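Model the structure of this input:
(2 chains)
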Amino acid sequence: MSRRQSRSFRGLHALIDHPPGRDRTVLHNQLEFLGLKVTVQEQASGAPPAFVDIFFFDADAPQAMDQEDSHGAFELPAVALIGSETPSRLQAMLARQPSAYLMKPIRSTGIYASLAIATHQFTTVQAMRRRLVAADERLRSRRLLFSATLQIMKQAQVDDAEAFRMLRSLAMARRQTIEAVSALILAGELPLVRLAG
Amino acid sequence: MAKRRRETIHLGVLYSLTGPYGLVGREMLNGLTLAVDQVNASAEFDFQFAPLVFDPGGDLQNYQEHCESLIRDKGVRHIVGCYTSASRKQVLPLIERYDRLLWHSARYEGFENSDNVIYVGAAPNQHVVPLARHMIETLGNSVYCVGANYLWTWETNRVLQEIVSAAGGQIIARRLVTLWDTEVDHIVREIVERQPPIIFNTLVGEASYRFYRGLHRALAGQASRPPVLSCSLCEPELRLIGPRASVGHITSSVYFSSIDTPENRSFVRRYREMFGSSNLPSVDAEASYLCGLLLARAIRRAGSTDVQSVRTAVWRDELQAPQGPVKVDPENNHCYLTPRLARSRAGFSFEILDTAATAVKPDPYLTWLDLDDLARRAQGQPARRTESGRDLRVVK
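Next up, the predicted model:
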């Protein structure tokens, strides 16, 4: 199977949240030209519907009353459409964590790049987040493992290598992860006397 | 373009004379008309201006269409116009695409510098920063913000927030109303209830006038009233607020009609002769006047209306304006202007409380804003409330 070097965005569903006008028209036309399905809306609240693959939002839209930012980060690739570069606007835009941006006036040039950057950046950030979550879990488990090993060393009067071996044997016998068994030991739900055998 | 005797130069004008901010549009057109009149009557200029006035009526789409028409159908190279940032952003792509010059008279929130705009209105370091500085040095550092929900409010409030925070203070509330919504009674009620020490107002038009009137009624008879600060309150608005409710409010601006210099006295006199003896020019009228005058002088110096030549020529000019010396900073196309603080008084005019020692270099991106320095200055004086402003240097 040959793999394309260039990415096609054909078939993706883009949602544009922007008032009507030249900027929206240029964006709409170019996205359709690139093979995307396009839906437009104006200042809708809430997250984009699930069928949307990439979201273009107006960074100049009025913010919610008495609130710095009413929106959270997006769970999909998002492209900010920026007119004003004032810090107050940029802060509100950054709170939504877009993956790419386009400066107004929107031109056909740059839209393909924004799709490429947004999808790549979103995928990269999501992968990093997943790795971070896994790393956090491992870190928390390390502490459990370490504490459980210490407890076995103390109670069974063995060295660290022997304590770890006992822990691993128990985990294999119970068909549980070593971290789960560590948690049970620390919770007092697995009396150490059973380890001795 | 070769010079010709009394050649007619068509000048594009894009001011909303009708619609929600038609009052300011008419003020700006007045100022520009005064400049055009002065140029056309003067033997010092070998050309005459013929303004082509388009009124977008505050409608953004109209700004774009009228601008395109001025450029493509009328062939103008120079357009004086726009008031709101939204309208400027609307025409900027056209102005840049066709390489024309927009002469922009309104103060704005900054964070822009186009080669194709001459920014004659004040940049943020010339309006909100001096006001915030005055506040933390003289009045206190807890402020209640009320404004229309749009860019000007968001950005001026942000700058204020940064400055009061650096001084150890805070914005104690921020109440926004939809742009052009005039229902502000609930805000007045809350102010009466909470008694904030200082109020910062960025409401627009009728909402603002109703707010001043409502607050005046609600606080009548109270010994101490919180000062209301603004970066936009101007002479014609005082009249619309009313004789009593318009008195005692503090405004930061580069121009007040009460500036006592020969240049300004002459400007005010000519303004009244042309537009009625009961009228006083506002900061917007003066800025539009300067747009027309700077453009005329630049064309004369360049010997051409060519955009590049005029831009280079205006960088070399220095004008003794009604507000004082004005020149364009070639670094960013904004103007050196003289910030002032004033308090509104009876008779729909302002008493000037403080004037910057020199014209201040524009800093549209607030690159040189030194919050630590502002905080240190504020600490040098005990924060206190004042109604009278007696402790301020009065410059007349």
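
dump the residue contacts of B:S349.
Taking CB atoms under 8 Å, 6 or more residues apart in numbering or on different chains, we find B:S349 in contact with B:E235, B:L238, B:F256, B:S257, B:S258, B:L280. Just so you know, the C-beta spots here come from the backbone N, C-alpha and C atoms, and that holds for glycine as well.

how's chain A carved up into domains?
A:13-109, A:134-196 (automatic domain parsing).

Any idea which of the ones you listed gets closest to B:G242?
In terms of CB to CB, the element of those nearest to B:G242 is domain A:13-109, at 27.8 Å.

Give me every residue in the stretch 1-150 of chain B lying close to chain A.
B:60-61, B:64, B:85, B:89, B:92-93, B:109-112, B:149-150 (CB under 8 Å from any CB of the partner chain).

Top of those by number of neighbours, please.
B:G110 (28 neighbours; other CB atoms under 10 Å in any protein chain shown).

re the thing from before, please narrow the contacts of B:S349 to those residing in helices.
Among the contacts of B:S349, the members falling in helices (DSSP state H) are B:E235, B:L238.

Return the member of the contacts of B:S349 nearest to chain A.
Of all the contacts of B:S349, chain A sits closest to B:F256, with 26.5 Å by CB to the nearest CB.

contacting residues around that closest one?
B:E235, B:V283, B:R340, B:A342, B:S349, B:F350, B:I352.

residue ranges with poor pLDDT in the chain?
As the question left the chain open, I've gone with chain A. For chain A, residues meeting the criterion pLDDT under 70 lie at A:1-6, A:63-72, A:192-197.

Correction: the question concerned chain B.
In chain B, residues with pLDDT under 70: B:1-5, B:381-396.

any chance you could map the helices in it?
Taking DSSP H as the criterion, chain B carries its helices at B:22-41, B:60-68, B:85-97, B:128-134, B:151-166, B:185-194, B:206-218, B:235-241, B:262-275, B:283-302, B:307-315, B:371-379.

most packed of the ones you listed?
Neighbour counts (mean count of other CB atoms under 10 Å in any protein chain shown) averaged over each of the helices of chain B peak at helix B:283-302, with a mean of 26.

Just the residues contacting stretch B:292-307, thanks.
B:1, B:3, B:9, B:11, B:31-32, B:34-36, B:38-39, B:44-47, B:49, B:77-78, B:80, B:99-101, B:103, B:116, B:118, B:120, B:309-314, B:316-317, B:319, B:321, B:326, B:328.

tell me, what residue is most central in chain A?
Nearest to the mean C-alpha position of chain A, counting by CA atoms, centre = their mean, stands A:Q126 at 3.6 Å.

and that one, what is it in contact with?
Contacts of A:Q126 (CB under 8 Å, 6+ apart): none.

What helix or strand is it located in?
Per DSSP states H and E, A:Q126 falls inside helix A:111-156.

need the residues of chain A near chain B, please.
Residues of chain A lying near chain B (CB under 8 Å from any CB): A:21-22, A:60, A:62-63, A:65-66, A:83-89, A:91-92, A:104-105.

Please repeat the previous calculation with a cut-off of 7 Å.
Counting by CB under 7 Å from any CB of the partner chain, chain A comes close to chain B at A:G21, A:P62, A:M65, A:D66, A:G83, A:S84, A:E85, A:T86, A:P87, A:S88, A:R89, A:P105.

Check those residues for burial and list the buried ones.
Neighbour-count burial (16 or more other CB atoms under 10 Å in any protein chain shown) applied to the residues of chain A next to chain B gives A:P62, A:G83, A:S84, A:T86, A:P87, A:S88, A:R89, A:P105.

Could you single out the nearest of those residues to A:R140?
A:P87 (37.4 Å).

my read: that closest one touches B:R158, true?
Yes - counting by CB atoms under 7 Å, A:P87 touches B:R158, with 6.1 Å between them.
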